[in-house]
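Task: produce atomic coordinates for the following.
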Amino acid sequence: MLATLGIDISKADFHVELSVNEKLRHRRFVNGKEGFRELCVWLARHKAEPVHACLEATGRYGDELALHLYEAGHVVSVINPAQIKAFGQSELLRNKDDRPDAGLIRRFCEKQQPAAWQPPSTQLRELQALTRHLENLHDTRQQQVNRLEGVNNKAVLKSLRKLVAHLDSEIQRTEKQIQDHIDNDPDLQRQQQLLSSIKGIGKLTAAKLLAEIGDISSYKSARQVAAYAGLTPRNNRSGTLRGKTRLSKTGNARVRKALFFPALVAKRYNPIVRAFCQRLTHSGKNKMEVIGAAMRKLIHIAFGVLKSGKHFDPDYELLLNSNG
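Numbers count the residues shown, from 1 in each chain. From the prediction side, this is the model:
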C-alpha cells in the first residue's frame, strides 16, 4: 500500500501530512516550483516514493502542484471540497487550522482510496490559461473603471482612460486567441458547438466551461458536474425547522461565475429553463434561488449534450438529463 499524503493548499503555501511506515510527518512548503521540488526531496528523504497524494480542487492554487506530483510519478487525487467537508463532519471535527486540514485530507485519502486524477490535455491546459487570463483582464479593467469615479484630476483621468482602453484591446486580443485555439482543435471546436447550441450559452461561455470542467467522460452524472461547480443545493434544516435552500458553493467558483449571466438569459429564452424557473417561482422560491437553480439546470443540460454528442433540443429533455 502506498504512503498517503494529505495536502492543504493556499495561495502562498501548502501544508502536508505524510503517513509512512506508521509514522506521521508534517511540513509546510512555499506554493511554487521551488516548494514543489523541496516536497519531492522531502518525500525521498522519508523513503515515501511513490505516494498517493490528495488535495482539494481549489482551482489555480493546486493545479501546478498536482501536475508536478503526477509528472514525478506519484498517484494524485483531486477531491471536491464537499467530499472532504462531509468526511470531516463524519469525524465530528470542530477545529479549523492548517494541520488538521492536511491530516483530514490524508485520512480521507487513506480510508476512501479515491480515484487517480489525470491531468487535462495540453490543449485544455492552454485553453484554461487563456480563459483565466481573460477573467483577470476583466477584473483589472473593472478595478480601473471603479477608480474613474470621483477622480477630478485631469492627468489621472487621462491616464486611467488610456489604461482602460489598453485593457479593452488586450481583452479583444485574448478573446480572439481563445477562439483561434478552439478552431484549431477539432474536438474542442465540436464541443463548443454542442454547448453553444444551448440557448443562453454563447461561444465564450462554452470556452470557459470546457476549460474548467475538463474531460466530460471523467464525470459519471450531471449531478457530479454540478457538485464540482458548487451548484448542488444545501438544505438548512434542524429538527422541525426548515431554512432556505442555498447553493453549496463548495467547488469551482469559475464555473458558477461563467454561468450567472447565461442563466439570466436562459431564464427568459430557453424553453426548458424558463418553464423550470416559472415552476420554482410559483412555488415561492426567491429570485436568487431561482437563478441558482437555472445555473444548475444549465450545467445538467451541458452535461447531456456533451455526453450524447447531440445539439440541444428542448423536445428531448429526458435524454439531455440522463443520469442527472
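
Tell me the helix or strand right after whatever helix or strand Thr131 lives in.
Assigning secondary structure by DSSP states H and E places Thr131 in helix 122-148. The helix or strand immediately downstream of helix 122-148 is helix 154-183, counting by DSSP H and E.

hang on, the earlier thing: buried residues in the helix holding Thr131, which are they?
Leu124, Glu126, Leu127, Gln128, Leu130, Thr131, Arg132, Leu134, Leu137, Arg141, Gln144 (16 or more other CB atoms under 10 Å). (Each C-beta comes from the backbone N, C-alpha and C, glycine too.)

Without its sequence neighbours, what residue ends up closest to the first one?
Distance criterion CB to CB, 6 or more residues apart in numbering; nearest residue to Leu124, sequence neighbours excluded, is Gly214 at 6.0 Å.

I'd guessed the one you found sits against Trp117; true?
No - counting by CB atoms under 8 Å, Gly214 does not reach Trp117; the two are 10.1 Å apart.

hang on, the earlier thing: for the helix holding Thr131, which helices and strands make contact with it?
helix 154-183, helix 186-196, helix 203-213, helix 253-269 (3 or more CB pairs under 8 Å, 6 or more residues apart in numbering; DSSP states H and E).

so which of the ones you listed comes closest to Glu91?
helix 253-269 (26.0 Å; CB to CB).

can I get the CA coordinates of the closest one in PDB?
In PDB, the C-alpha atoms belonging to helix 253-269 read as follows (Å, rounded to 0.1, in the frame of the first residue of the first chain):
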ATOM      1  CA  ALA A 253     -16.300  29.200  -8.500                       C
ATOM      2  CA  ARG A 254     -15.200  30.000 -12.000                       C
ATOM      3  CA  VAL A 255     -17.900  27.700 -13.400                       C
ATOM      4  CA  ARG A 256     -20.500  29.400 -11.300                       C
ATOM      5  CA  LYS A 257     -19.300  32.800 -12.400                       C
ATOM      6  CA  ALA A 258     -19.400  31.800 -16.000                       C
ATOM      7  CA  LEU A 259     -23.000  30.600 -15.700                       C
ATOM      8  CA  PHE A 260     -24.500  33.500 -13.900                       C
ATOM      9  CA  PHE A 261     -25.400  35.800 -16.800                       C
ATOM     10  CA  PRO A 262     -26.200  32.900 -19.200                       C
ATOM     11  CA  ALA A 263     -28.700  31.700 -16.600                       C
ATOM     12  CA  LEU A 264     -30.400  35.100 -16.700                       C
ATOM     13  CA  VAL A 265     -30.700  34.800 -20.400                       C
ATOM     14  CA  ALA A 266     -31.800  31.200 -20.300                       C
ATOM     15  CA  LYS A 267     -34.400  32.000 -17.700                       C
ATOM     16  CA  ARG A 268     -36.100  34.200 -20.400                       C
ATOM     17  CA  TYR A 269     -35.300  32.500 -23.700                       C
END
